[in-house]
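Student: Provide a 3D model corresponding to the input given below.
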Amino acid sequence: MTQSELEQSQNEDAMLLAIRQMQQRFDKIVEGGGKTRIEKQHSDGKMTARERIDALLDKGRPVLEIGAYAAYEMYDEHGGCPAAGVVVVVGYIECRLVVVVANDATVKAGAWVPMTGKKNLRAQEIAMENRLPVIYLVDSAGVYLPMQDEIFPDKEHFGRIFRNNARMSSMGIPQIAAIMGSCVAGGAYLPIMSDEALIVDGTGSIFLAGPYLVKAAIGEDTDQETLGGAKTHSQISGVTDYRMPDDITCLKTIRSLVAKLGNRPRAGFDRVTAKNPLADSKKIPSIFPAHPAKPYDMLEILRCITDDSELLLYKEEYGKSIICAYGRIDGWAVGIVANQRLVMKNGVGEMQFGGVIYSDSADKAARFIMNCNQKKIPLVFFHDVTGFMVGKRSEHGGIIKDGAKMVNAVANSTVPKFTVIVGNSFGAGNYAMCGKAYDPRLIVAWPTARIAVMGGDQAAKVLTQIQVAALKKNGQNSDIEAEQKLVTEIRERYERQTTPYYAASRLWVDAIIDPRMTREWISIGIEMADHGVVENFNPGVLQT
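Tutor: Predicted structure coming up:
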């Protein structure tokens, strides 16, 4: 075995191990509140959230799950909250793309913790940006009371969801809600602010206050079914539109309703008949290095994703630390902006890119982004960036100005943007490459991703230097052993906080994906965006 073959084998082993670990974590999340609570759901005549989604969506069509790792390793003092107690997917019903939001009643009876609210708002954001119908499968006890101060009153809290219900209605985005379990207090507004509401007989109920609170508040004795069951709201109050005998009939009725939705104008992104990449996507694990500091050619990865492995490189010989290229992904025309980590030779010697953005690269990327907006071509960003180049030479050359130019172009871009974090995503490089703050339609991470203001080693050195300088200023000598302990503590904390799971748990990314599925995610993302509206591009103030 040659050295190259050995490295490829090591790369593949490391990536496949990371993918297996990712799948094991996901399999645990899918269990929700555990087998006992799933069995309880079944004994009550109810399907679980994931069973409902499976029955609702078209068979054999792709499904994108958003926020599966939300709240991962959070709220341990409250018993944990797998997937934040709600399942969100983008999938197909009767060949139409929709967003489905399903409460998982096996997790805290479907009650809302802070990340539940954030995840629901992300689902609504996707629907609003892309003009996709939303299906709510409601089965929730409402706000998780021990954490009410973190979910109830603020702008991005629980109430924002109802505001979005109203906004989507005014935008003409269809919303269908199925009351398939409890629907209590403020949560009662969500299904009723939807366009149509279904309720399942015997299990579905909806009221502002349950029987116990009614008794405490006004002294009235009543039961749940009389207060807000299917018969009450279908025959007396008229709150619901369809009374369903069971879950499966309810889901079939939703499919029938979606099938009759009218077609709307598309954004018109260019698509031709798709061609498979000549370089198999299965090769990606052997290309991406096992060690994050190792150089590799990003072009090899891109050729595993683009149709026919074709790329039309923009300014190929200029600003080489960023690749800008036109291509197609599953037939869709795309503009690709990707960090390059090659060691290359020029007339003077070797150039070590290492994912650093230089002035010429920032200038090139800004111009390319503007071109894609002019041509109405969606943008796809591939992150493996440690930040902008620093040092006296870079500062004198105006790296801040050139970096600002690129950030400006990304911020003002109106075509859909999609972000894939394959490796590092540090500092201002995260911003310039369309990180979460810059409104990508979808942002996903590979298991090898790292997201932070800087790497753990750099952070440890910087903070240690600051402490040593402070001691010297006070006339004290630094303790070598204490210094080393501080370095280790900071590095370990940063390593923990830079993992893709830490990011996904807080919804800094929508999903952690198998790298071999990158092409499918981008394709559905663009199809999703094609349902939306693209505004005219105004680049703002860009210094030349």
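Student: Now residue 37. Nearest residue, chain neighbours left out?
Tutor: Excluding its sequence neighbours, the residue lying closest to residue 37 (Cβ to Cβ, 6 or more residues apart in numbering) is residue 106, at 3.9 Å. From N, CA and C alone the C-beta is placed, and that goes for glycine too.
Student: Assign a three-state SS to that neighbour, would you?
Tutor: coil (DSSP: H, G, I helix; E, B strand; the rest coil).
Student: quick one, what contacts it?
Tutor: Shown in contact with residue 106 (Cβ atoms under 8 Å, 6 or more residues apart in numbering): 32, 33, 34, 37, 38, 40, 41, 48, 49.
Student: The first one reaches residue 49, doesn't it?
Tutor: Yes - under the criterion of Cβ atoms under 8 Å, residue 32 is in contact with residue 49, at a separation of 7.3 Å.
Student: Between these two, which has more neighbouring residues?
Tutor: Using other Cβ atoms under 10 Å as the criterion, residue 32 and residue 49 rank with residue 49 on top: 27 against 22.
Student: Surely residue 33 is in contact with residue 83?
Tutor: No - using Cβ under 8 Å, residue 33 makes no contact with residue 83, being 10.4 Å away.
Student: any residues touching the helix or strand hosting residue 285, and which ones?
Tutor: For residue 285, the enclosing helix or strand under DSSP states H and E is helix 284-287. Helix 284-287 is contacted from outside by 8-9, 11-12, 15-16, 19, 296-297, 300-301, 304, 515-516, 518, using Cβ under 8 Å, 6+ apart.
Student: Now with 7 Å, please.
Tutor: 8, 11, 12, 15, 16, 296, 300, 301, 304, 515, 516 (Cβ atoms under 7 Å, 6 or more residues apart in numbering).
Student: now stretch 201-212
Tutor: 44-46, 179-185, 188, 191, 199, 217, 222-225, 227-230, 233, 239, 243-245.
Student: how much space between residue 268 and residue 430?
Tutor: 31 Å (Cβ to Cβ, to the nearest Å).
Student: Of these two, which one has the most company?
Tutor: Shown here are residue 268 and residue 430; by other Cβ under 10 Å, residue 430 has more neighbours (23 against 9).
Student: got the contact list for the closest residue to that one other than its chain neighbours?
Tutor: With Cβ to Cβ, 6+ apart as the criterion, residue 430 has its nearest non-adjacent residue at 6.7 Å, and that residue is residue 451. Contacts for residue 451 (Cβ under 7 Å, 6+ apart) come out as 421, 425, 430, 498, 503, 508.
Student: which stretches of the stretch 251-400 of the chain form strands?
Tutor: For the stretch 251-400 of the chain, the strands defined by DSSP state E, counting those that start in this stretch cover 312-313, 322-329, 332-339, 343-345, 350-352, 356-357, 379-385, 387-388.
Student: quick one: the third one to strand 379-385, angle?
Tutor: Put simply, strand 332-339 runs at 20 degrees to strand 379-385, going by axes from the mean of the first three to the mean of the last three Cα atoms, to 10 degrees.
Student: How many residues are close by the residue lying closest to residue 432 once chain neighbours are set aside?
Tutor: Leaving aside its sequence neighbours, residue 432 sits nearest to residue 406 (Cβ to Cβ, 6+ apart; 4.7 Å). Around residue 406 there are 29 other residues, counting by other Cβ under 10 Å.
Student: From residue 388, how far off is residue 406?
Tutor: Taking Cβ to Cβ, one finds residue 406 at 9 Å from residue 388.
Student: for residue 513, same thing?
Tutor: From residue 513 to residue 388 the distance is 27 Å (Cβ to Cβ).
Student: ok, back up a step: so of the contacts of helix 284-287, which ones are in helices?
Tutor: 8, 11, 12, 15, 16, 300, 301 (DSSP state H).
Student: I figured residue 340 was touching residue 300, is that so?
Tutor: No - judged on Cβ atoms under 7 Å, residue 340 makes no contact with residue 300 at a distance of 11.0 Å.
Student: Those two: which is more packed in?
Tutor: A direct count of neighbours by other Cβ under 10 Å for residue 340 and residue 300 places residue 340 higher, at 23 against 15.
Student: That one and residue 298: what is the separation?
Tutor: Taken as Cβ to Cβ, the span from residue 340 to residue 298 is 5 Å.
Student: Mind listing the shared neighbours of the two?
Tutor: residue 323.
Student: Direction included, what does the helix or strand containing the residue nearest to residue 430 pair against?
Tutor: For residue 451, the element it lies in under DSSP H and E is strand 450-452. If you go by DSSP bridges, strand 450-452 pairs up with strand 417-426 (parallel).
Student: Do you know the pLDDT at the residue nearest to residue 147 when sequence neighbours are not counted?
Tutor: Of all residues not flanking residue 147 in the chain, residue 113 sits nearest, at 5.7 Å (Cβ to Cβ, 6+ apart). pLDDT for residue 113: 89.
Student: residue contacts, residue 113?
Tutor: Applying Cβ under 7 Å, 6+ apart, the residues near residue 113 are 71, 75, 81, 84, 85, 144, 147, 151.
Student: Throw those residues into TSV and include distance to residue 174, thanks.
Tutor: As requested, those are exported to TSV (distance: Cβ to Cβ, whole Å):
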residue	distance to residue 174
71	29
75	33
81	29
84	25
85	25
144	29
147	32
151	27
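Student: Among these, name the least confidently predicted one.
Tutor: Ranked by pLDDT, the contacts of residue 113 bottom out at residue 144 (71).
Student: so what's the residue nearest to residue 430 bridging to?
Tutor: Here residue 451, judged by DSSP bridges, has bridge partners residue 425.
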